[in-house]
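Visitor: quick one, fold the following:
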Amino acid sequence: MAGIRWPPEESDAQPRQGDFDTHSHYSDDERSLAADSWSVKSEYGSTLDGDDPRQSDAMEALAVAAGNLRSDYSSDKDEHEEEVEQSMLGQQSYWDSAYTEELANFREHGDAGEIWFGEEVMETMTSWTARVCLAVSAGLPAGSGEGLSLAQRGLGEVASGGNVTLELATWSVLDIGTGNGVLLHSLAKQGFSDLTGSDYVESSVELARAVAEREGLTDIHFVVDDILDTKLDRKFKLITDKGTLDAIGLHQDGDARKIYYWRAIVKLLQPGGVLVITSCNSTKNELVEEVTAFNQSLKVNSQEGKESDVTSSPSRGVEEGPALEYIDHVRTYPVYRFGGSEGSRVCTVAFILKA
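Guide: Sure thing, here's the model as predicted:
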């Protein structure tokens, strides 16, 4: 889940007092509020305590469909709660504290920790990702009947231990903001074997290693790395993100910080490689729009003759077209409708880096 550290700016290269000291700046009640608020948005199938489930479902769906815009009638208390949530979940100290606690809990009780968005979403994401990768390898549209049929046959052979024409084991995988690393466990069950998880929280990486060792998945590689200032020098054929872009967006300067994210993605992804994002804070259309805007910025840089540090080809964008292109999205998450709008609690979207 974690995996981000905000790059220093000239004006605040030295941390200001209070920037990262959430323990002194926020009360216990405020820290609990932020955690509870994130949990409500992150738990697949959850509802607000005491609310009619249908009403909660509809209101959450409306918020998603409306672009997560706050009502004109929201109270000062609501605004304060939202500000607390954003400022805390965008701080490294929050995640340091969270994963230090989860690591201690694992050592004492053997609990691997929370699965962000829930196990059902994770399993849907990984099985769907495997199908997309197999279809992409065959040069077929991921969402087409032919592509899905081929992918399903390939996954059946993986499950039975047979050889597959399109071997998922050849796909190098990077899970950014890996948290406790369990998403990689699920990908391993699908047939992926070249697996790396990165996170900028050291206790998260330590937890992920310990959980993987307990499960006998010692071939998974975990590394401490900040996606916004990545030091990884390897390119991957598949990059997965389950909640990390969400956390970046919760920072008060989230829109600006996301530029670093997309630059890192293009840097780390092989040409023809796939990015799969699962989000609870953005809709499919919003993610596509965000990628489109980033692609356009690459074109502008190329047209102006600016040197780009996001790919090995500074001229990418004019002749070659968009860097990232939408492939498909998960269509099986429950959809809720209210007042003429519709949405779901989470979305999973795949993009390909055009060769």
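
Visitor: over to Ile352: give its phi and psi.
Guide: With angles defined as degrees, to the nearest 10, Ile352 sits at phi -120, psi 140.

Visitor: tell me the pLDDT at it?
Guide: For Ile352, the model assigns a pLDDT of 95.

Visitor: so where's the longest strand in the protein?
Guide: Looking across the chain with DSSP state E, the single longest strand is strand 269-279.

Visitor: hmm, who's touching that strand?
Guide: Strand 269-279 is contacted by residues 117, 121, 125, 129, 132-133, 136, 172, 235-243, 245-246, 265, 287, 324, 327, 346-355 when judged by Cβ atoms under 8 Å, 6 or more residues apart in numbering. (Glycine included, C-beta is placed from N, CA and C.)

Visitor: which of those residues are buried, as a ChimeraX select command?
Guide: Command for ChimeraX, covering only those of the contacts of strand 269-279 found buried under the criterion 16 or more other Cβ atoms under 10 Å:
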select :117,121,125,129,132,133,136,172,235,236,237,238,239,240,241,242,243,245,246,265,287,324,327,346,347,348,349,350,351,352,353
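
Visitor: can you list which of the contacts of strand 269-279 are found in helices?
Guide: Members of the contacts of strand 269-279 lying in helices (criterion: DSSP state H): 121, 125, 129, 132-133, 136, 245-246, 265, 287.

Visitor: out of those residues, flag the one nearest to Tyr200.
Guide: Leu245 (14.1 Å; Cβ to Cβ).

Visitor: I'd say that closest one and Asp255 touch.
Guide: No - counting by Cβ atoms under 8 Å, Leu245 sits too far from Asp255 to count as a contact (11.7 Å).

Visitor: just the buried positions in the longest strand of the chain, please.
Guide: Quick answer for strand 269-279 (16+ other Cβ under 10 Å): 269-271, 273-279.

Visitor: quickly check those residues for the two that are furthest apart.
Guide: Pro271 and Ser279 (24.4 Å).

Visitor: show me the contact partners of stretch 99-116.
Guide: 1-2, 42, 122, 179-180, 182, 201, 203-204, 206-207, 210-211, 214, 242-243.

Visitor: which among these end up buried?
Guide: 1-2, 42, 122, 179-180, 182, 201, 203-204, 206-207, 210-211, 242-243.

Visitor: what's the lowest-pLDDT member of those?
Guide: Lowest confidence among the buried ones among the contacts of stretch 99-116: Ser42, with 39.

Visitor: where does Thr332 fall, secondary structure wise?
Guide: Using DSSP states H and E, Thr332 sits within no helix or strand.

Visitor: so it makes contact with Met125?
Guide: No - using Cβ under 8 Å, Thr332 is not in contact with Met125; the gap is 10.7 Å.

Visitor: ok, Glu213 - how many residues close by?
Guide: 11 (other Cβ atoms under 10 Å).

Visitor: contacting residues around it?
Guide: By Cβ under 8 Å, 6+ apart, no residues touch Glu213.

Visitor: so which helix or strand takes in it?
Guide: With DSSP H and E as criterion, Glu213 is part of helix 202-214.

Visitor: and the strands in the stretch 151-300 of the chain, which stretches?
Guide: In the stretch 151-300 of the chain, the strands defined using DSSP state E, counting those that start in this stretch lie at 172-176, 194-199, 221-224, 236-242, 269-279.

Visitor: out of those strands, which gets nearest to Gly339?
Guide: With Cβ to Cβ as the measure, strand 269-279 is the member of the strands of the stretch 151-300 of the chain nearest Gly339 (22.7 Å).

Visitor: now do the closest one against strand 236-242, angle only.
Guide: Following axes from the mean of the first three to the mean of the last three Cα atoms, to 10 degrees, one obtains 10 degrees for the angle between strand 269-279 and strand 236-242.

Visitor: how about strand 269-279 as PDB, C-alpha atoms only?
Guide: Output in PDB follows, covering the C-alpha atoms of strand 269-279 (Å, rounded to 0.1, in the frame of the first residue of the first chain):
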ATOM      1  CA  LEU A 269       7.900  -0.400 -17.600                       C
ATOM      2  CA  GLN A 270       9.200  -2.300 -20.700                       C
ATOM      3  CA  PRO A 271       7.800  -1.200 -24.100                       C
ATOM      4  CA  GLY A 272       4.800  -3.400 -24.600                       C
ATOM      5  CA  GLY A 273       4.500  -3.900 -20.900                       C
ATOM      6  CA  VAL A 274       1.300  -3.700 -18.800                       C
ATOM      7  CA  LEU A 275       0.300  -1.500 -15.900                       C
ATOM      8  CA  VAL A 276      -2.600  -2.600 -13.800                       C
ATOM      9  CA  ILE A 277      -4.000  -0.200 -11.200                       C
ATOM     10  CA  THR A 278      -6.700  -0.900  -8.600                       C
ATOM     11  CA  SER A 279      -8.200   2.300  -7.100                       C
END
